[in-house]
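A.B. asks: need a 3D model of the sequence below.
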Amino acid sequence: MNALHKKTDVILIGGGIMSATLGTMLKELSPNLEIKLFEKLSKPAEESSNEWNNAGTGHSALCEMNYTKEEADGSVNIDKAISINEQFQLSKQFWTYLVNKGKLKQPESFIRPVPHISFVQGENNVQFLKKRCEALSSNPLFPGMTFTDDYETLKHWMPLMMEERAKDERVAATKIESGTDVNFGNLTRALLDDLNNNGVELNYNQSVQHIRQNQDKTWQLKIYNHETKKTEYHNANFVFIGAGGGSLPLLQKTGIKEASNIGGFPVSGLFMVCNNEEVIAKHDAKVYGKAKVGAPPMSVPHLDTRYIEGKRSLLFGPFAGFSPKFLKTGSNLDLIGSVKPNNIFTMLSAGFKEIGLTKYLVEQVMLSNEKRLEELKAFIPTAKLEDWDVVIAGQRVQVIKDTKDGGKGTLQFGTELVTSEDGTISALLGASPGASTAVHVMLQLLEKCFPQEFASWETEIKKMIPSFRLNLTDNPSLFDEINTSTSKALGLYK
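C.D. replies: Model prediction:
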């Protein structure tokens, strides 16, 4: 065979948490599969999965109020919160399996226990939060969630946020101790190290330039090596496109009908990072507020205790922004280049629909550091500008598609798997809750793309993920058992 035309079983595009998770699952279920990964940057986890580029909340809807919708009758719908929590439980179980097997050797390097708090201001929001807590705390997946509007209790929960706050200000919070901070950068690197040790070929500084399907249903990838300056062709039976914001342009190159009419809208962001150790030491929680009217869900303000590069940090944000790039390392031509004849009307429709969002993003881009400080002071009344630096966060590309409910050009804020009819290629698009639900998403992919093998894999999957095919909400005793084992293995007991 020509050295420039290489054949393999599976090709993973992108060196992030999604490719790392899928590669790990495939190697566990079918150890003899030949897998190759291609990443255009020089290292893994440098874009969406990087610890500086995402919130690392371990999204389980413990504190994210945008997952609990207030209905017209005043009730709180918790269906989405339960679904996302169930999905994160799958991730924790899979990580526990890998820790117990010795494949993830230092769980504290990627997951830490950090309380999750929801924080609101104003009477209407206080009443909403109280109803939210009542609805969630009756569910077994949200044990010990507590509501308070008592000033002294809030001071105990959030000393930094209550410092010099007026006693007559109407504020409230809920707290749950079982929250986590997840360093998806470290997790990705650990998973890929293990894959490398188990024969998976990791290729960096290599860009996929084109993808086309062969007559025998396999796929040919044209790949440029930035180090050797040479082009190679690789064939694979199955291809996964997990390139973050870069997934949409690659998906469009495949020509599959499932990709037609899909567009993307890039949203960038900034975080304020505290540089004062005394301030950092006063806060130990992830505190989520409510998004402003007209703001995208990914712009929910939050003050987060994080563990990055081996030390405790404190971040506030994100401040939304607009850049036409689909990746931080992308091109200013990414957005215009993604407009194709088959999605132009979808994109134009979204443009008309989302004028308010566009206006919001432009306003965010124009914010001065002083204006950002004003928003931070809603969380920390004593905040000083000199204690905070600004860091550029990751680039997200929100999916635009035609839907039955929203009509033409509807902006989607979730994570979406797009798979060809024959199941030979699949791409992951979208953003939050993203990384936290990687295991759930990859289980969906495996069932869809490997249907014949999947039936024989189910017993092994059950060993890796005990609640697979089960609803933990309806099995509280199983949840307690699993929660105890995951917490012990991952070091989540405080």
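A.B. asks: show me what contacts the closest residue to residue 137 other than its chain neighbours?
C.D. replies: What sits nearest to residue 137 in space, not counting adjacent residues and going by C-beta to C-beta, 6 or more residues apart in numbering, is residue 145, at 4.4 Å. Where C-beta positions appear, they are placed from N, C-alpha and C, glycine not excepted. Residues touching residue 145, when contacts are defined by C-beta atoms under 8 Å, 6 or more residues apart in numbering, comprise 62, 133, 136, 137, 174, 175, 176.
A.B. asks: any idea how far residue 145 lies from residue 80?
C.D. replies: In this structure, residue 145 lies at 16 Å from residue 80, with C-beta to C-beta, to the nearest Å as the measure.
A.B. asks: number of nearby residues for the residue lying closest to residue 337 once chain neighbours are set aside?
C.D. replies: With C-beta to C-beta, 6+ apart as the measure, residue 249 is the residue that lies nearest to residue 337, at 6.7 Å, once sequence neighbours are left out. Residue neighbour count, defined by other C-beta atoms under 10 Å, stands at 21 for residue 249.
A.B. asks: the host helix or strand of residue 249: what's the following helix or strand?
C.D. replies: Secondary structure from DSSP states H and E places residue 249 in helix 247-254. Using DSSP H and E, the helix or strand that follows helix 247-254 towards the C-terminus is strand 263-274.
A.B. asks: and that next one, what does it pack against?
C.D. replies: In this structure, strand 263-274 packs against strand 311-321, helix 334-337, helix 344-353, helix 369-377, strand 388-392, strand 396-403, with contacts taken as 3 or more C-beta pairs under 8 Å, 6 or more residues apart in numbering; DSSP states H and E.
A.B. asks: okay, the angle between the helix holding residue 249 and strand 263-274?
C.D. replies: Taking axes from the mean of the first three to the mean of the last three C-alpha atoms, to 10 degrees, helix 247-254 and strand 263-274 form an angle of 160 degrees between their directions.
A.B. asks: follow-up on the earlier one: from the contacts of residue 145, which single one is nearest residue 53?
C.D. replies: Checking the contacts of residue 145 against residue 53 by C-beta to C-beta gives residue 62 as the nearest, at 21.8 Å.
A.B. asks: follow-up on the earlier one: ok, the residue nearest to residue 337 - contacts?
C.D. replies: Under the criterion of C-beta under 8 Å, 6+ apart, the neighbours of residue 249 are 326, 334, 337, 338.
A.B. asks: is it possible to get a markdown table of those that adds distance to residue 302, pLDDT and neighbour count?
C.D. replies: Shown next, in a markdown table, are the contacts of residue 249 (distance: C-beta to C-beta, whole Å; pLDDT from 0 to 100; neighbours: other C-beta atoms under 10 Å):
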| residue | distance to residue 302 | pLDDT | neighbour count |
| --- | --- | --- | --- |
| 326 | 24 | 91 | 27 |
| 334 | 27 | 93 | 21 |
| 337 | 33 | 94 | 14 |
| 338 | 29 | 94 | 22 |
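A.B. asks: assumed residue 82 was part of a helix.
C.D. replies: Yes: under DSSP: H, G, I helix; E, B strand; the rest coil, residue 82 falls within a helix.
A.B. asks: now it: closest residue in space, sequence neighbours ignored.
C.D. replies: Closest residue to residue 82 in three dimensions, ignoring its sequence neighbours and counting by C-beta to C-beta, 6+ apart: residue 473, at 5.8 Å.
A.B. asks: with distance to residue 426 as extra columns, can I get the contacts of residue 249 in CSV?
C.D. replies: Below are those laid out as CSV (distance: C-beta to C-beta, whole Å):
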residue, distance to residue 426
326, 19
334, 21
337, 22
338, 19
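A.B. asks: farthest-apart pair in those residues, please.
C.D. replies: With distance counted by C-beta to C-beta, no two of the contacts of residue 249 lie farther apart than 326 and 337, which are 8.9 Å apart.
A.B. asks: remind me which residues of this protein are low pLDDT?
C.D. replies: Regions of the chain meeting the criterion pLDDT under 70 cover residues 1-5, 293-298, 494.
A.B. asks: mind listing what the most centrally placed residue in it touches?
C.D. replies: When the chain is reduced to its mean C-alpha position, the closest residue under C-alpha atoms, centre = their mean turns out to be residue 434, at 2.8 Å. For residue 434, the contacting residues are 48, 54, 59, 415, taking C-beta under 8 Å, 6+ apart as the criterion.
A.B. asks: now for the last one: which residues touch it?
C.D. replies: When the contact criterion is C-beta under 8 Å, 6+ apart, the partners of residue 415 are 428, 429, 430, 431, 432, 433, 434, 437, 441.
A.B. asks: inside strands: which ones of the residues you listed?
C.D. replies: The strands in this structure, assigned by DSSP state E, contain 428, 429, 430 from the contacts of residue 415.
A.B. asks: touching, the second one and residue 263? I think so.
C.D. replies: Right, residue 429. No: between residue 429 and residue 263 no contact is recorded; they are 10.2 Å apart, counting by C-beta atoms under 8 Å.
A.B. asks: who has more neighbours, the two?
C.D. replies: Here residue 429 and residue 263 are compared on neighbour count by other C-beta under 10 Å; more neighbours surround residue 263, at 28 against 25.
A.B. asks: bridged to the residue nearest to the more buried one when sequence neighbours are not counted, which residues?
C.D. replies: Distances taken as C-beta to C-beta, 6+ apart put residue 400 closest to residue 263, at 3.9 Å, once the chain neighbours are dropped. Using DSSP bridges, the beta-bridge partners of residue 400 come out as residue 263, residue 411.
A.B. asks: how close does residue 400 get to residue 253?
C.D. replies: For residue 400, the distance to residue 253 (C-beta to C-beta) stands at 18 Å.
A.B. asks: cool, and residue 191?
C.D. replies: With distances taken as C-beta to C-beta, residue 191 is found 27 Å from residue 253.
A.B. asks: with residue 14 instead?
C.D. replies: 14 Å.
A.B. asks: more neighbours: which of these two?
C.D. replies: residue 14 (28 against 17).
A.B. asks: mind checking what secondary structure residue 211 has?
C.D. replies: In the three-state summary, residue 211 is assigned as strand, counting by three-state DSSP.
A.B. asks: ok, it - contacts?
C.D. replies: Residue 211 sits next to 219, 220, 221, 222, 239, 250, 253, 254, 425 when contact means C-beta under 8 Å, 6+ apart.
A.B. asks: residue 24 against residue 195, yeah?
C.D. replies: Yes: look at residue 24 against residue 195 with C-beta under 8 Å: they come within range, at 6.3 Å.
A.B. asks: who has more neighbours, the two?
C.D. replies: A side-by-side neighbour count of residue 24 and residue 195, using other C-beta under 10 Å, places residue 24 first with 26 against 22.
A.B. asks: what about the more buried one, helix or strand, and which?
C.D. replies: Short version, using DSSP H and E: residue 24 is in helix 17-29.
A.B. asks: now do that helix: everything it contacts.
C.D. replies: The contact list for helix 17-29 (C-beta under 8 Å, 6+ apart) reads 10, 12-13, 33, 35, 37, 44-45, 49, 94, 98, 103, 184, 187-188, 191-192, 194-195, 198, 200, 240, 242, 428, 435, 438-439, 441-443, 445-446, 453, 457, 460-461, 464.
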